[in-house]
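J.: quick one: sequence and predicted model below, then my questions.
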Amino acid sequence: MTRLILLSDVGSILALEVAQPAEELLQALNRGEWTPPDSFGCLLNKARLRCMRAVILGGWVVALVDPAGLEARSDPLESEVHQSKLSPRQHQILNLLAQGLTNKQIAQQLSLSQRTVNLHIAEIKNKMSAQTNAQSVNRAMALGYCRPFMRKRKA
């Protein structure tokens, strides 16, 4: 049994025991060919697993995502985002979120109920694989769905 520590992103650490010998596991991780046990497969992003770099430290194999490997891909975020695109209304709501408006302000501006806006935002989060509005906006900007909003200074 080999002990493995996976540092898949900032703040995500996963420790597990793997049946492979340490050297074999190290080579599989560095080649991007390692597949996690079934119980952990849903927790780990396949695109990130292919960009892992691993080292042996004491009795542990420590693996982390190689940022250079992610950037070398044509579009690293595209693999994380569902293939379905945003609807025109979702684009509209996403742009208003990027401007810093609250759900209530968006509902008033678009003459929609707050419940409808919440449903659109939930679907945007789902399509962007995000948990918060800020993550949705950040990923949408990275994919070119919306532009950063700059507030004008009052003179």
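T.: Okay, I see it.
J.: residue 138 sits in which helix or strand?
T.: Per DSSP states H and E, residue 138 falls inside helix 133-143.
J.: looking at the chain, which helix or strand is least sure?
T.: Lowest on mean pLDDT, DSSP states H and E among the helices and strands of the chain sits helix 67-72, with a mean of 52.
J.: following that helix, which helix or strand shows up next?
T.: Per DSSP H and E, the first helix or strand lying C-terminal to helix 67-72 is helix 88-98.
J.: that next one packs against which elements?
T.: helix 103-110, helix 114-127, helix 133-143 (3 or more C-beta pairs under 8 Å, 6 or more residues apart in numbering; DSSP states H and E). Yep, even glycine has a C-beta here, placed from its N, CA and C like the rest.
J.: and it, what's its mean pLDDT?
T.: Helix 88-98 carries an average pLDDT of 92.
J.: what does that helix rub up against?
T.: 86, 105-106, 109-110, 117, 120-121, 123-124, 127, 133, 136-137, 140-141, 145-149 (C-beta atoms under 8 Å, 6 or more residues apart in numbering).
J.: can we see that at 7 Å?
T.: 86, 106, 109-110, 117, 120-121, 123-124, 133, 136-137, 140, 145-146, 148-149 (C-beta atoms under 7 Å, 6 or more residues apart in numbering).
J.: which one of the helices and strands packed on helix 88-98 lies nearest to residue 154?
T.: Between residue 154 and those, the tightest spacing by C-beta to C-beta is seen for helix 103-110, at 19.5 Å.
J.: wait, which of the helices and strands packed on helix 88-98 is closest to residue 5?
T.: Per C-beta to C-beta, nearest to residue 5 of these: helix 133-143, 24.9 Å.
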